[in-house]
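Engineer: Sharing a sequence plus its predicted fold:
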Amino acid sequence: MLLGARSTRSRPRTRGAAAAILSTQMLISVTILLLTVAILFFAPIALLQPTLFAGLGLVFVLTGAAAIVPWDRISRNWRVLMPLLDIIAIAAIQAAEPQLGAGLMLVFPVIWLARSFPTRDVMAGTGIAIGLVWVVRALQATPLVVHDFASVVLLPIALGFVATVVSDSARRGRAQSVLLRQHSQLIENALERVRMQQRELDAVLNTVDFGVVSFDRNKQITLVNRTQRRWLDEFGEPKTAYLHSVVYQDDRQTPYVSANRPFARALAGQEFDGLVIWVGEPGGRRAAYSISSRAMHDIRGEYDGGVVVVKDVTRELEAVRARDDLVGSVTHELRSPLTSILGYLDLVRDADLDHETLEEVEVAYHNAERLLVIVNDLLRAASDADKNLPMSFVRGDVAQIARESVASHLLFAEDREVELEIEAPETALATIDPVRVRQVIDNLVTNAIKYNREWGSVFVAVRETDRTIAVEVRDSGQGIPESDLARIFDRFYRTKSARNSTTTGTGLGLAITREIVQRHGGDLSVESELGLGSTFRVSLPTERTTDPVPAPETLSRRTHPGKAA
């Protein structure tokens, strides 16, 4: 930067050298011309003096040289001759006619030297001017008088003072000029960087596959990127539009009221994420967009407009809809055979069987009943009509439910070569939905066995406090990556390791488990370390005040359809 500033400083001065020399020399020449005119009027005979004529002639010769010589291509060391020769010419005029007072004009070449040349040249030129003043006076044959004080003493002092002041001012002016040029260069470089960044930003915004709309604090649109413009054009919006004229809510049928539209809320300074709108008339081509808004603030923290990001989520929503339709169709087909299986198993339970066979039938019945609960949950997850799990709260023994769950998983654990243990008190009573609590424990135990390592272990513990019953399921399996912990309770979400494994799953188990626990007024948490295992903790209140929700027929039925309860 400094090298660039120095080169910038020298070039303007070199280019203006000829013009500066000519203008300064013309000022001296005009002054001498006026003096010559005065001599012609008042003392024309004085022009016959060789010294006076030589001095005047030298000035005018220098003027011609200032106009003709290409000073821009000549070194500064030669340019200094111009003011020095002017000093000699003025001294000659003063020597020829002291009464004219031409010595006062020495101030012009002195100023020229002080303004345009280094200190060394200024001192030399000023010394020559003062020396010539004294030499001229010494060559006069008359003695010194009081009248000579001004020309012999005051004029040299004045020349020295003017040279010093002008030289100092010129030096400071040059320094300030250099500083200004450096600042100007810095500003120009900064502006160029800003222009480059603006071009890069425009290129990026016009390349991305999501829409961007920005606006200032006065709600004036400042940017609509190419993707947003293309989406507007696809639905026939005018070129001046920056949003769709009609948008529908998530149900695809209800139009947004103008004040509640995402863009209107963004212009009002609100921030939000993932608001879904639908555009296009029902029955025609339609598209879904996810809208997010962020407010912008200036360096003082004051509101300075905002930016809206629009993402096309049509394919994602259609895929979710297709998935839910598929889940709904499959689970509807599964309900009928499962209901039949439960009915006939219920008949077998009433038959005269030995104790061991009856226990095996009970295990089959409870697992079929659990499978029917899962099918119903899949139906509920695929349906928008029913948002709540059906619950029926009674006093139940959480410890006994946990023991039954562990007993039903022993064969599964043996097949997977996993050690399954339980530690529970004799009873742990709470106001619960026993079927749903069994579903919670079954889900956690099943996952602990499925995602365990060979020769691993699963430990189930039930602990009771004054107002809470805690169920802990700890395994020695593969663990859950930290990046997945925040999403493992989302519907249909499975970790990458689970998706890559041969273990099947719907991704609904933990989501339903959490919902059941929350409906009980409890809490579900997880701790996991990759490669060392996971621990799920369920906390259920012992007492709960609620309006019982009747259980569906498929959950409360204990006999074959048509058989008396």
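Structural biologist: Okay, I see it.
Engineer: Only C-alpha atoms from now on, for both contacts and neighbour counts.
Structural biologist: Fine.
Engineer: any weak-confidence spans in this structure?
Structural biologist: 1-15, 141, 145-148, 324, 327-328, 331-332, 335, 377-389, 491-508, 545-565 (pLDDT under 70).
Engineer: Now do the strands in it.
Structural biologist: Secondary structure of the chain (DSSP state E): strands at 211-215, 221-224, 247-248, 272-279, 287-297, 303-312, 394-397, 419-423, 429-432, 457-464, 468-475, 523-529, 533-541.
Engineer: Would you format the ones you listed as JSON lines with distance to Leu345 and mean neighbour count included?
Structural biologist: Compiled in JSON lines, these are given as follows (distance: least, Cα to Cα, whole Å; neighbours: other Cα atoms under 10 Å):
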{"stretch": "strand 211-215", "distance to Leu345": "58", "mean neighbour count": "22"}
{"stretch": "strand 221-224", "distance to Leu345": "66", "mean neighbour count": "16"}
{"stretch": "strand 247-248", "distance to Leu345": "50", "mean neighbour count": "22"}
{"stretch": "strand 272-279", "distance to Leu345": "47", "mean neighbour count": "19"}
{"stretch": "strand 287-297", "distance to Leu345": "48", "mean neighbour count": "20"}
{"stretch": "strand 303-312", "distance to Leu345": "50", "mean neighbour count": "20"}
{"stretch": "strand 394-397", "distance to Leu345": "24", "mean neighbour count": "16"}
{"stretch": "strand 419-423", "distance to Leu345": "27", "mean neighbour count": "17"}
{"stretch": "strand 429-432", "distance to Leu345": "26", "mean neighbour count": "22"}
{"stretch": "strand 457-464", "distance to Leu345": "29", "mean neighbour count": "21"}
{"stretch": "strand 468-475", "distance to Leu345": "30", "mean neighbour count": "23"}
{"stretch": "strand 523-529", "distance to Leu345": "34", "mean neighbour count": "16"}
{"stretch": "strand 533-541", "distance to Leu345": "32", "mean neighbour count": "21"}
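Engineer: Turn the ones you listed into TSV, including distance to Leu205.
Structural biologist: As requested, the strands of the chain are exported to TSV (distance: least, Cα to Cα, whole Å):
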stretch	distance to Leu205
strand 211-215	7
strand 221-224	9
strand 247-248	24
strand 272-279	19
strand 287-297	16
strand 303-312	11
strand 394-397	59
strand 419-423	56
strand 429-432	54
strand 457-464	52
strand 468-475	48
strand 523-529	40
strand 533-541	43
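Engineer: out of these, nearest to Ala407?
Structural biologist: Closest approach to Ala407 among the strands of the chain is made by strand 419-423 (9.2 Å; Cα to Cα).
Engineer: Could you tell me which other helices and strands the closest one packs against?
Structural biologist: helix 398-408, helix 410-415, strand 457-464 (3 or more Cα pairs under 8 Å, 6 or more residues apart in numbering; DSSP states H and E).
Engineer: could those be laid out in a markdown table, adding distance to Glu362?
Structural biologist: Below are the helices and strands packed on strand 419-423 laid out as a markdown table (distance: least, Cα to Cα, whole Å):
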| stretch | distance to Glu362 |
| --- | --- |
| helix 398-408 | 10 |
| helix 410-415 | 14 |
| strand 457-464 | 22 |
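Engineer: do you know which of these lies nearest Val308?
Structural biologist: Between the helices and strands packed on strand 419-423, strand 457-464 lies closest to Val308; by Cα to Cα that is 49.1 Å.
Engineer: quick revisit: looking at the helices and strands packed on strand 419-423, which is nearest to Leu530?
Structural biologist: Distance to Leu530, taken as Cα to Cα, is lowest for strand 457-464 among the helices and strands packed on strand 419-423, at 15.8 Å.
Engineer: could you give the angle of the closest one to strand 419-423?
Structural biologist: Here strand 457-464 runs at an angle of 10 degrees relative to strand 419-423 (axes from the mean of the first three to the mean of the last three Cα atoms, to 10 degrees).
Engineer: Relative to strand 457-464, what are the paired strands and their orientations?
Structural biologist: In the sheet, strand 457-464 lines up against strand 419-423 (parallel), strand 468-475 (antiparallel) (DSSP bridges).
Engineer: Now render these as CSV, adding distance to Val110.
Structural biologist: CSV is the format used below for the strands paired with strand 457-464 (distance: least, Cα to Cα, whole Å):
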stretch, distance to Val110
strand 419-423, 107
strand 468-475, 98
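Engineer: out of the ones you listed, nearest to Ala46?
Structural biologist: Closest among these, once you apply Cα to Cα, is strand 468-475, at 123.5 Å.
Engineer: Which among the strands of the chain is found nearest to Asp346?
Structural biologist: For Asp346, the closest of the strands of the chain is strand 394-397, at 22.6 Å, according to Cα to Cα.
Engineer: gap between the closest one and the chain center?
Structural biologist: When C-alpha coordinates are averaged (Cα atoms, centre = their mean, to the nearest Å), strand 394-397 and its chain have centres 54 Å apart.
Engineer: burial measure for the closest residue to Ile432 other than its chain neighbours, as a count.
Structural biologist: Once flanking residues are discounted, Ile432 sits nearest to Phe393: 4.8 Å by Cα to Cα, 6 or more residues apart in numbering. The number of residues packed near Phe393 is 21, by other Cα atoms under 10 Å.
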